[in-house]
Every structure is written in structure tokens, then in C-alpha cells.
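Visitor: only geometry, no sequence info:
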DNA sequence: ACGGGGATCGGCT
DNA sequence: GCCGATCCCCGTA
């Protein structure tokens, strides 16, 4: 069907996951579903590093599950945790295991479909968590290995009207049991759409 | 408003 | 069999 020319290219993802996570803030995630366009603005993302990061799934080497983390930058890595799906993007370089986890989005379009899929929860809770956004956008295991740079069915693109001067805060990641203190969670400061509040930016 | 605990299930030991 | 890169419900204030 349709293919978007706007999808962020491999070169965007072929950088340090911290840089990619920060630069993804303000971008639009687009999901084509049943002829409808469901979109949201990325407001929260976490980096998982290829080296010195015991919280990364790839820390103990390649397995059948985490293989997409090693694929070319811009490849989707979808994994299950506690019976739910979460969406990552592979970063850095092919053969190097690093990724950015999409943790929260601000709803932009296709809200009715999202509300249906999320069981009529408050709009505030449609996309405010890594597994919530996957449920709202119908992202599941079949997207593991999907090429997000192809502009097909699921991709990320720049916003129509670029927001002026985004204020970004970095803080520790949510839910990890190791490497708790690394400031690898990146949020748009003051956004009401985060999975959890983030500290105020240090002036 | 906030925090504790249970549900849930695929992947790995 | 155990352990999560989670979510939701149900207590308390």
C-alpha cells in the first residue's frame, strides 16, 4: 500500500543510543492500521548500551530473543515482558547490540482506535508506558525485525511543525534492577504524557 | 495522590 | 522453575 518518504533513515539510527534517544523526542511514531493513521509524539525514551550496561538484554550475548538488537540500525526489536509487548529500535551499527526503548507518546491522531484498543481508559493513559503504547497501536511480536526506515506500516518521522526548543531531562531508567543509576532515560521536560514524572531540568 | 502486591508468560538457566 | 526494560487494582491518607 502506501509508503512514506518521511521515515527517518538508517543514518539517523546509526549513532550512539543516547544521542538517538534524545533526538527521537518530538518525533512522530506512525502506525497504519485498517486504513487509519494512528500517531503520537515521542515524549520518553531510554537507551540500552552495547557496552557496560548489565540492564541491556544483549548484555550476555546474542540469543533468539534479542537478535534484532544486533541488526542494522532502524530495525524494530519487539520483546515480551510480563505477558506484554514493548517496542525498541536498534541503533549504532549492524553487529553492535544497542537499542532505544520507546516508553511514552503524546496522542496525536487516531485517538478513537487507541481508546478502543486500550479498553476505554483515560486519554492520559493511552500511551503512557512501553506496553501501553504497543497495545494502543497494535504492535506485537510480528513487528520484531521490522524495518522502521522503510516507511511501511510502522515508522518514525519528523513532526509536521517542528516544536521550538524542546527541553530535555535525563534521569535513571524505569524498572531496571541493575545499572539503576545511569541517566539513560530521556524525557521532554514537563510533559503530562510521561509514564512517570521526570525531575525538573537543572537550570 | 501514592504505594504495595499480584497477574501473567516467554525466554533462559 | 525462575525471573523480568509492566500494568492495574486496591488499600491507605
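Guide: Alright, I've got the coordinates. In this text, all values refer to a predicted model and were calculated from it rather than measured experimentally. Numbering: from 1, shown residues only, chains lettered A, B, ... in the order given.

Visitor: contacts and neighbour counts: CA atoms only from here.
Guide: Fine.

Visitor: So what would you say the end-to-end distance of stretch A:15-28 is?
Guide: Chord length of stretch A:15-28, first to last residue, is 19 Å (C-alpha to C-alpha, to the nearest Å).

Visitor: any idea of the mean pLDDT for it?
Guide: The average pLDDT for stretch A:15-28 rounds to 98.

Visitor: for chain A, what spans make up the strands?
Guide: A:28-33, A:36-48, A:76-81, A:84-90, A:99-109, A:154-157, A:168-171, A:185-188 (DSSP state E).

Visitor: Tell me what the residue nearest to the spatial centre of chain A is bridged to.
Guide: The centroid of chain A falls nearest to residue A:102 when counting by C-alpha atoms, centre = their mean (1.9 Å). On the basis of DSSP bridges, residue A:102 is bridged to residue A:45.

Visitor: Just list the residues touching it, thanks.
Guide: Residues in contact with residue A:102, defined by C-alpha atoms under 8 Å, 6 or more residues apart in numbering, are A:42, A:44-46, A:86-88, A:130.

Visitor: Of all the strands of chain A, which one is nearest DNA strand B?
Guide: strand A:76-81 (5.5 Å; C-alpha to the nearest atom of the strand).

Visitor: what about the residue nearest to residue A:178 when sequence neighbours are not counted, how many neighbours?
Guide: Sequence neighbours aside, residue A:55 is the residue nearest to residue A:178 in space, at 5.5 Å (criterion: C-alpha to C-alpha, 6 or more residues apart in numbering). Using other C-alpha atoms under 10 Å, residue A:55 has 17 neighbouring residues.

Visitor: Hmm, residue A:55 is touching residue A:46, no?
Guide: No: Residue A:55 is beyond contact range of residue A:46, at 11.4 Å (criterion: C-alpha atoms under 8 Å).

Visitor: which stretches of chain A have low pLDDT?
Guide: A:1, A:203 (pLDDT under 70).

Visitor: how about a cut-off of 90?
Guide: A:1-4, A:120, A:160-165, A:200-203 (pLDDT under 90).

Visitor: re earlier: can you put the strands of chain A in a markdown table and add distance to DNA strand C?
Guide: Converted to a markdown table, those look like this (distance: least, C-alpha to the nearest atom of the strand, whole Å):
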| stretch | distance to DNA strand C |
| --- | --- |
| strand A:28-33 | 16 |
| strand A:36-48 | 6 |
| strand A:76-81 | 4 |
| strand A:84-90 | 6 |
| strand A:99-109 | 5 |
| strand A:154-157 | 17 |
| strand A:168-171 | 14 |
| strand A:185-188 | 11 |
